[in-house]
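Q: This is the structure alone, sequence omitted:
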């Protein structure tokens, strides 16, 4: 087996275990499920009101619940509350490591479905970047995680790529429908 493939496979397995460990906490599991259901229903109502496509809107709502559940399920490490610690840790963009890769992929399903629902890739991409920034600021204020610029950069990069790919998919699908 190729070494590069083996390394990616090990990262995927680590990520799968991390998700399983997080969902083993009943509070986190219930929060993710309830948040996904509530936001999915809310997205269905928004789809009806704004004329969005209902199925991708519901999935976008569900994925928003998952994003919020995952990002606010962590606790603040003890070292982060020590005197003299910065409010936000300034670190750059990186895809080296499982956590970094997961952060880049975190917003992809949400953004993909939101673009399919609304057909507004720029608005969705900007909204996702702003949501990521808000999450990074709120996490340390609530004691539910660290503010890290790397998370913001990785989330944003994944969101922008997903919005661009979804916009391309919508354009190709529209072209195919017109050709019929």
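A: Nice, I can see it. A quick note: this is a predicted structure, and the numbers were derived from the prediction, not measured.
Q: Residue 73 in helix, strand or coil?
A: coil (DSSP: H, G, I helix; E, B strand; the rest coil).
Q: my guess is it contacts residue 32, does it?
A: Yes. The pair residue 73 / residue 32 is scored as a contact, 7.4 Å apart, by Cβ atoms under 8 Å. For glycine as for every other residue, the C-beta is placed from the backbone atoms N, C-alpha and C.
Q: Same drill for the two, tell me which one is more crowded.
A: Here residue 73 and residue 32 are set side by side on neighbour count (other Cβ atoms under 10 Å), and the busier one is residue 32, at 21 against 17.
Q: So which residue is smack in the middle of this protein?
A: Taking Cα atoms, centre = their mean, the centroid of the chain lies closest to residue 107, which sits 2.7 Å from it.
Q: What sits closest to it if chain neighbours are left out?
A: For residue 107, ignoring the flanking residues on the chain, the nearest one in space by Cβ to Cβ, 6 or more residues apart in numbering is residue 159 at 4.2 Å.
Q: Verify the stated contact: that neighbour with residue 123.
A: No. In this structure, residue 159 is not within contact of residue 123 by Cβ under 8 Å, at 11.9 Å.
Q: who has more neighbours, the two?
A: Taking neighbours as other Cβ under 10 Å, residue 159 and residue 123 compare with residue 159 leading, 26 against 13.
Q: For the more buried one, list the residues it contacts.
A: Residue 159 makes contact with 107, 108, 110, 111, 124, 125, 128, 129, 132, according to Cβ atoms under 8 Å, 6 or more residues apart in numbering.
Q: wait, isn't the first one in contact with residue 133?
A: The one in question is residue 107. No. At 12.0 Å, residue 107 does not count as touching residue 133 under the criterion of Cβ under 8 Å.
Q: And the helix or strand residue 35 falls within, what's buried?
A: Per DSSP states H and E, residue 35 falls inside helix 26-50. By neighbour count on 16 or more other Cβ atoms under 10 Å, the buried set for helix 26-50 is 28, 31, 32, 35, 36, 39, 40, 43, 44, 46, 47.
Q: Contacts for that helix, please.
A: Contact with helix 26-50 is made by 22-23, 52-54, 57-66, 68-70, 72-73, 117-118, as judged by Cβ under 8 Å, 6+ apart.
Q: Any of those buried? List them.
A: Here, 16+ other Cβ under 10 Å leaves 23, 52, 57-66, 68-70, 72-73, 117-118 buried among the contacts of helix 26-50.
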